[in-house]
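>>> quick one: sequence and predicted model below, then my questions.
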Amino acid sequence: MQRVTLCVDDLARTRIIGTLGRHVEAIFAVDALRNTQSDFLQAWRHKVLVKLEHPGRELAQARRLAGVSGGSRKVLSAWSSVATVPDTAHSGTPGLQRAHLTAAVEEMCQVAVRPHWRRVHAHLASAQDFRRDAMCRDGIEALLNGLGPGIRWNAPVLEIHSAGMKHVKPNGRGLLLSPSLFLQGGAAVLPSLPGRAGSGPVLIFPDRPGGHHCSLLDEERSSASAASRLPQESLAALLGRTRAAILQALRDGCTNGELAEKLGVTPGAVSQHTGTLRAAGLISTRRTGGGRVVHTVTMLGRHLLHAAPDPVELCSHGRRLGGPFFRDTRPFPP
């Protein structure tokens, strides 16, 4: 049993994100590959294992990672601390030296997550929107009680039925909630964001797609006809790439200045594009008490964004959008 005691300030600072990124999902894929008792991800598991079992030096670190004792939670703990503790000979992960840990996670990401990231990100973004709606409609109590089996809000404590005993007190720093497709078993609690010592704790909870989930991770088709049906291509064709990128970046709400910095365009261009999106009913604009103009996506805009991929895919000039939880680069140096 793990417990997170939340004070009033913590509840006020509770936030929901779509994902901690590809590399965290790759770490959870370690346990997903081992869970042969479940039919979920069976086709994906077979394809990844075939690649990992191919002899040769390629993916050698990923193979070693897949065999680490302690599983993904042990790996996540070690990987999260790489940037915040002094370097040593070992990573804290049995069977894997510290110098190889980041390379191993990157290789696992390449073989297990990156080929399917559009669909994975789309599902997690949908899970984020669903729980935001629940919080807005029914309140924070309904949100915390609706995170899935084994998670229960017993004020002022969030109880998580999972392996290990841990009692976390954010002490006003808030709680960050993040769904995961590959996480196995119960929820996982991190004391802070990876590489962000001093931030509030993170609760990662499993979120499985309903219905026919086996099609979620189908291999990307390379034909032109299939490519034309990809969500980001359709959205870009409808709105234009820059406006599509702006709409995606506004999922979390931001100002003109923040948009200009993320997209690498002028504030004047941002104002023109947001005006077009506002006139189409896809975004709304409000002025805060401090005089800041903040844009948010309307329900119509969110319907258009459903199944949209990682914001980096929408930006034609290659600049990354969306902040630290969508970084495409390796998160920490080896």
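Received, thanks. Just so it is clear, the structure is predicted and the values come from calculations on it, not from any experiment.
>>> contact partners for L217?
Applying C-beta atoms under 8 Å, 6 or more residues apart in numbering, one finds that L217 lies in contact with 41, 43-44, 116, 119-120. Every C-beta, even on glycine, is put in place using the N, C-alpha and C of the backbone.
>>> alpha carbons only: can I get the helix or strand hosting V24 in PDB?
When elements are assigned from DSSP states H and E, V24 belongs to helix 22-34. Backbone C-alpha positions of helix 22-34 (Å, rounded to 0.1, in the frame of the first residue of the first chain) are rendered in PDB as follows:
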ATOM      1  CA  ARG A  22       8.300   8.100 -24.900                       C
ATOM      2  CA  HIS A  23      11.200   7.100 -22.700                       C
ATOM      3  CA  VAL A  24       9.000   6.500 -19.600                       C
ATOM      4  CA  GLU A  25       6.700   4.400 -21.700                       C
ATOM      5  CA  ALA A  26       9.700   2.500 -23.000                       C
ATOM      6  CA  ILE A  27      10.700   1.700 -19.400                       C
ATOM      7  CA  PHE A  28       7.200   0.400 -18.600                       C
ATOM      8  CA  ALA A  29       7.500  -1.700 -21.800                       C
ATOM      9  CA  VAL A  30      10.000  -3.800 -19.900                       C
ATOM     10  CA  ASP A  31       7.300  -5.300 -17.800                       C
ATOM     11  CA  ALA A  32       4.800  -5.400 -20.700                       C
ATOM     12  CA  LEU A  33       7.100  -7.600 -22.600                       C
ATOM     13  CA  ARG A  34       7.300 -10.000 -19.600                       C
END
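>>> centre of the chain versus it, how much separation?
Relative to its chain's centre, helix 22-34 lies at 13 Å (C-alpha atoms, centre = their mean, to the nearest Å).
>>> ok, residues contacting that helix?
Contact with helix 22-34 is made by 19, 41, 44-45, 48-49, 52, 65-66, 68, 71-73, 75-76, 79, 105-106, 108-109, 112-114, 117, 120, 180-185, 194, 204, 328, 330-331, as judged by C-beta under 8 Å, 6+ apart.
>>> average model confidence for it?
For helix 22-34, the mean per-residue pLDDT is 94.
>>> hey, C-alpha coordinates of stretch 140-147 in CSV?
What follows is stretch 140-147 as a C-alpha-only set of coordinates in CSV (Å, rounded to 0.1, in the frame of the first residue of the first chain):
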residue,chain,number,x,y,z
ILE,A,140,-11.5,16.6,-7.7
GLU,A,141,-12.9,13.7,-5.6
ALA,A,142,-14.5,12.1,-8.6
LEU,A,143,-11.2,12.5,-10.5
LEU,A,144,-9.1,10.8,-7.8
ASN,A,145,-11.6,8.0,-7.4
GLY,A,146,-11.8,7.4,-11.1
LEU,A,147,-8.1,6.8,-11.8
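>>> nice, that's everything, thank you.
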